[in-house]
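Q: got a predicted model here, sequence first, then my questions.
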Amino acid sequence: MMSFDVDDFVARQLEVWPMACANYEALKSVERKDFCIDGYHIAVQFNPARKVSTGANMSSKAIAERPCFLCEKNRPKEQFAFDVDDDFSILVNPFPIFPKHLTIVLKRHEPQSVYPYLDNMRRCARMMPQMVVFFNGAHSGASAPDHLHFQASEASCWPMLGDYERGQKRAVAVCDGAEVDMCDNIGRLVYRVRTESNEALEQAIKGILELHDRKDDMVNVMMHGEDVYVVPRKLFRPWQYSAEDDRQLMVSPASVEVGGVFITPVEEHFRKICECDIKSIFEQVCF
């Protein structure tokens, strides 16, 4: 299997890209507060550099009118690309949430859909066993739903992994060839799939989504080693996101949030978000 040194790649990239380097330096001083809610853990991060992504206009018109920032011709000249295979390249995300934050982009401009590229996603997860590789459905947090991509960050930064291990789980029968269990006492419904077969993995994810009348635009998928976590989504954004009064909270849930880290790019929202808000957001956007 191809090896990939994440630390070296990130370090070399930041040496030659001042803007990205400044954002990674700023990340070292972001404020954070932690919650333990009914036994599960949530970290809330105040990260003003993420306002562009969190506040993005995701209408079809806005997406069609802007240049795709993941297409090679539109990317900054300073940005390195590591070719995983004929289909995907790894990039350093210049607006990080975590100390090592990668974007894994398809070399062609195709809409966000996980099924055709589960094998590629697993290859990346196996290349980087210390990382979580994650997929945001087109209506579940993807900032570029018109260009297929995954992301990756250190597994140590994902509270959900530990909460899932400690939570009460039960087996679910959704297809042959895969072991599937679920945990519904950590604030949101999470499934875990274990199988060596990519075909069985695809059938398992489809089966899980069918249980909730969803397709792959309404899902967050996270891979860590051989474990695949699947979170079906009810809703793209909670009502608090667009509230026009002092109840507004600019939180746009994606894999990172369902993984246990809430990103708030507005300081006032970071200061006031509380346990009740977190529960409310999960109840709206997850099952």
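A: Thanks, I have the structure now.

Q: for the residue nearest to Val261 when sequence neighbours are not counted, give me its contacts.
A: The shortest distance from Val261 to any non-neighbouring residue, by Cβ to Cβ, 6 or more residues apart in numbering, is to Ala43 (4.9 Å). In short, each C-beta sits where N, CA and C put it, glycine included. Ala43 is in contact with 32-35, 159, 260-262, counting by Cβ atoms under 8 Å, 6 or more residues apart in numbering.

Q: closest one to Phe9 out of the residues you listed, please.
A: Val261 (22.4 Å; Cβ to Cβ).

Q: just to revisit the earlier point, where does the residue nearest to Val261 land in three-state SS?
A: Here Ala43 is recorded as strand under DSSP: H, G, I helix; E, B strand; the rest coil.

Q: any idea how far Phe98 is from it?
A: 11 Å (Cβ to Cβ, to the nearest Å).

Q: what of His139?
A: 24 Å.

Q: if we can go back for a sec, top of the contacts of Ala43 by neighbour count?
A: Neighbour counts for those (other Cβ atoms under 10 Å) peak at Phe262, which has 25 neighbours.

Q: now that one: which helix or strand?
A: Per DSSP states H and E: Phe262 is located in strand 261-264.

Q: which SS class is Phe270?
A: Criterion first, three-state DSSP; result for Phe270: helix.

Q: that one - how many residues pack around it?
A: Phe270 has 23 nearby residues by other Cβ under 10 Å.

Q: that one: what's it in contact with?
A: 31, 33, 44-46, 264.

Q: try 10 Å this time
A: By Cβ atoms under 10 Å, 6 or more residues apart in numbering, Phe270 lies in contact with 30-33, 44-48, 249-251, 262-264.

Q: what do you get for Ile263?
A: So Ile263 contacts 30, 43-47, 49-51, 53-54, 97, 250-254, 256-257, 270 (Cβ under 10 Å, 6+ apart).

Q: for the stretch 101-250 of the chain, give me the ranges with low pLDDT.
A: Nowhere does the stretch 101-250 of the chain drop to pLDDT under 70.

Q: now the helices for it?
A: 118-127, 159-166, 198-211 (DSSP state H, counting those that start in this stretch).

Q: Met222: which of those is closest?
A: Per Cβ to Cβ, nearest to Met222 of the helices of the stretch 101-250 of the chain: helix 159-166, 7.8 Å.

Q: so which elements touch the closest one?
A: strand 31-37, strand 40-46, strand 179-183, strand 190-194, strand 219-224, strand 227-232, helix 255-258 (3 or more Cβ pairs under 10 Å, 6 or more residues apart in numbering; DSSP states H and E).

Q: for the last one, list the C-alpha coordinates in PDB.
A: Meaning helix 255-258. Written as PDB, here are the backbone C-alpha positions of helix 255-258 (Å, rounded to 0.1, in the frame of the first residue of the first chain):
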ATOM      1  CA  SER A 255     -19.300  15.600   9.600                       C
ATOM      2  CA  VAL A 256     -17.200  17.600  12.100                       C
ATOM      3  CA  GLU A 257     -20.200  18.600  14.100                       C
ATOM      4  CA  VAL A 258     -21.800  15.200  14.200                       C
END
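
Q: and for Ala43 and Phe98, which residues touch both?
A: 157-158, 256, 261.

Q: can you redo those residues as a markdown table with distance to Trp17?
A: Formatted as a markdown table, the shared contacts of Ala43 and Phe98 follow (distance: Cβ to Cβ, whole Å):
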| residue | distance to Trp17 |
| --- | --- |
| Cys157 | 22 |
| Trp158 | 26 |
| Val256 | 22 |
| Val261 | 24 |
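
Q: tell me which of those residues is nearest to Pro238?
A: Val256 (15.2 Å).

Q: what sits against the closest one?
A: Per Cβ under 10 Å, 6+ apart, neighbours of Val256: 43, 45, 50, 97-98, 101, 132, 134, 136, 141, 151, 153, 157-158, 160, 220, 222, 262-263.
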